[in-house]
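Novice: following is a predicted model, sequence given first.
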Amino acid sequence: MSKQRWPILVGWFLFAAISMLSFAASGATIEIVRNGGFESGPPAAPWQSFTSRGPLVTPSGESNSGNGFVARLGGSNSEDDRLIQDLALPFGAQSATLSFRYKLKATGNGKAPDRFSVVAETVAGNIELWSVLATSSVTSWVTAGNLSMNALAGQAFRLSFSGLTDKDQPSTFWIDDVSVRYEPGQGQERTVAFLNPRTGCLGGIGGAGGGQEISISGSVAAAI
Ligand SMILES: [Ca+2]
């Protein structure tokens, strides 16, 4: 077989492969937080802790969670705690929501109430998803749910739980069962581009919706 013919064969392979492109959309809800319940114990990878005190992930006994390990922010004066996990939502993600369980022990406001917040840090800036001032205790575990993260579709971001206590009357904030879920959607269309070796032209296939899986199948024949 002459070497001059191999581009044509490769071209036919591309044609065959592209003709078998299949598009599949999953209706399932997808979880992207790992170790959301902190059940591996400290240091609870892939979570990362930044604190001037001991590990932020602790046994749940103190908080009466009854659920293995939890994360604890605050608890002493002048703390600046951050618990983070790096995440990404695909283009076209729909119904993306954050939820978590929490409990709060307030010991008084002092000059100003302590503050706990959840922020998505992006290259374009921070998006605050939730916050609370420790003006009074939340004595039973409650769920903060259905916090929309649709604005973060197509972005990588850092999910950050923060606790900032001042110089007196410290508050404690416990977290458990962190979850970010989404549904794959159609969203922004992406084009699959390829170079046709026969014509040298750039071709494209539109209509591959964001969040859809694209699979290419085929076989390669010996070209030389
Ligand atoms: Ca837990």
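Specialist: Here it is on my side, so go on.
Novice: switch to C-alpha atoms for all contacts and neighbour counts from now on
Specialist: Noted.
Novice: give me the neighbour count for residue 70.
Specialist: Residue 70 is flanked by 29 other residues according to other Cα atoms under 10 Å.
Novice: please disregard the earlier target; I meant residue 139.
Specialist: 12.
Novice: so what pLDDT did it get?
Specialist: pLDDT for residue 139: 92.
Novice: my guess is residue 77 meets residue 165, correct?
Specialist: Yes. Contact criterion Cα atoms under 8 Å: residue 77 and residue 165 qualify, at 5.8 Å.
Novice: for the helix or strand hosting residue 70, packing partners?
Specialist: Element membership for residue 70 (DSSP states H and E) is strand 69-74. Judged by 3 or more Cα pairs under 8 Å, 6 or more residues apart in numbering; DSSP states H and E, the packing partners of strand 69-74 are strand 57-59, strand 80-88, strand 156-164, strand 172-183.
Novice: now do the buried residues in the third one.
Specialist: Read it as strand 156-164. For strand 156-164, burial by neighbour count (16 or more other Cα atoms under 10 Å) applies to 156, 157, 158, 159, 160, 161, 162, 163, 164.
Novice: what does it rub up against?
Specialist: 73-74, 78-89, 114-123, 173 (Cα atoms under 8 Å, 6 or more residues apart in numbering).
Novice: please indicate which of the residues you listed are buried?
Specialist: Looks like the contacts of strand 156-164 have 73-74, 78-86, 89, 114-121, 173 buried, using 16+ other Cα under 10 Å.
Novice: of the residues you listed, list those near the ion.
Specialist: Of the residues in those, proximity to the ion by Cα under 5 Å from the ion holds for none.
Novice: pick out whichever of residue 77 and residue 165 has more residues nearby.
Specialist: residue 165 (24 against 15).
Novice: who's in contact with that one?
Specialist: Contacts of residue 165 (Cα under 8 Å, 6+ apart): 74, 76, 77, 78, 79, 80, 113, 114, 115, 171.
Novice: what's the closest of the buried residues of strand 156-164 to residue 50?
Specialist: Distance to residue 50, by Cα to Cα, is smallest for residue 162 among the buried residues of strand 156-164, at 9.5 Å.
Novice: between the two ends of stretch 132-140, how far is it?
Specialist: 15 Å (Cα to Cα, to the nearest Å).
Novice: actually stretch 81-95, not the one I typed
Specialist: 29 Å.
Novice: touching it from outside, list them.
Specialist: 32-33, 46-52, 56, 73-74, 148-150, 152-164, 181-188, 209-211.
Novice: could I get the average pLDDT for it?
Specialist: 94.
Novice: repeat for stretch 51-68
Specialist: What stretch 51-68 shows for mean pLDDT is 81.
Novice: contacting residues for residue 129?
Specialist: 117, 118, 119, 120, 147, 148, 149.
Novice: cutoff 6 Å now
Specialist: Going by Cα atoms under 6 Å, 6 or more residues apart in numbering, residue 129 touches 118, 119.
Novice: repeat that for residue 118.
Specialist: Contacts of residue 118 by Cα under 6 Å, 6+ apart are 129, 130, 160, 161.
Novice: turn those into a markdown table, columns for distance to residue 60 and pLDDT.
Specialist: Output for these, formatted as a markdown table (distance: Cα to Cα, whole Å; pLDDT from 0 to 100):
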| residue | distance to residue 60 | pLDDT |
| --- | --- | --- |
| 129 | 25 | 96 |
| 130 | 23 | 96 |
| 160 | 20 | 97 |
| 161 | 18 | 97 |
